[in-house]
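Trainee: I would like the atomic coordinates for the input below:
(one chain, ligands or ions: 1)
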Amino acid sequence: MLELRTVEPGEWSLWRELRLSALAEAPYAFGSTLAEWQGSGDREERWRARLSIPGAHDLVALLDGRPVGMASGVPGEADSVELISMWVTPAARGRGVGDHLIWAVERWGQRRGARTLRLSVLPNNDRAAALYERHGFADTGELGDLLPDSVRRERVMAKSLATV
Ligand SMILES: CC(C)(COP(=O)(O)OP(=O)(O)OC[C@H]1O[C@@H](n2cnc3c(N)ncnc32)[C@H](O)[C@@H]1OP(=O)(O)O)[C@@H](O)C(=O)NCCC(=O)NCCS
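Mentor: All right, here's what the predicted structure looks like:
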């Protein structure tokens, strides 16, 4: 059984466990790196701060009670919200966990009255981009953040929340 639940700052160790697994398993997918969140970067107050972004919606997916995925919705500019930190553990992929995380963030955005859900996806992350396209996200044409190679940029995608 799949269950999604919100994570409070006091549950930072659950979020930490998933996020460190995500950064280790899928470095091609995230702007943040494992190195930034390990060692001196791996501090309780930092994880608590990540889970204390005002107005944010931090979600963990549990499959038969075991944590298998994560995603956050965070307030964006104007009337938009943003989907970030999306990851599903490899063993649980292809079973719709990603779909449910996206739907949950969409519902949260609608409840907030947001008109647009935005996200950034790294170039070559074709599986994630295909999932987002299937959910109705399209390229905005905006220049995304520059990657460390100073050449490539993140791909900015958006979806109207008025139609879901
Ligand atoms: C992108 C991601 C979140 C999708 O999660 P998911 O729970 O597998 O999503 P879905 O179950 O909806 O499946 C997504 C696609 O992968 C396919 N898939 C099937 N089996 C799979 C498997 N064993 N492993 C990976 N993907 C599989 C699905 O068929 C589906 O394709 P479709 O859209 O053509 O039907 C997950 O692959 C992931 O965590 N990737 C690494 C991190 C990442 O890229 N995050 C996004 C950052 S922008």
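Trainee: and the residue of this protein nearest the ligand?
Mentor: Here the chain gets closest to the ligand at one residue, G94, 2.3 Å apart by C-beta to the nearest ligand atom. Any C-beta I mention is one placed from the backbone N, CA and C, and that applies to glycine too.
Trainee: how close does that residue get to V68?
Mentor: Note on G94: its distance to V68, by C-beta to C-beta, to the nearest Å, is 12 Å.
Trainee: what does L131 give?
Mentor: In terms of C-beta to C-beta, L131 sits 16 Å off from V68.
Trainee: So the two - more neighbours on which side?
Mentor: V68 (21 against 17; other C-beta atoms under 10 Å).
Trainee: Look up the closest residue to that one, ignoring the ones flanking it.
Mentor: Of all residues not flanking V68 in the chain, A92 sits nearest, at 3.9 Å (C-beta to C-beta, 6 or more residues apart in numbering).
Trainee: How confident was the prediction at that neighbour?
Mentor: We have a pLDDT of 98 for A92.
Trainee: Could you report the separation of it from L2?
Mentor: With the distance defined as C-beta to C-beta, A92 ends up 9 Å from L2.
Trainee: residues shared between the contacts of the two?
Mentor: By the contact definition C-beta atoms under 8 Å, 6 or more residues apart in numbering, A92 and L2 are jointly contacted by A61, L63.
Trainee: hang on, M70 in a strand?
Mentor: Yes. Membership of M70 in a strand is supported by DSSP: H, G, I helix; E, B strand; the rest coil.
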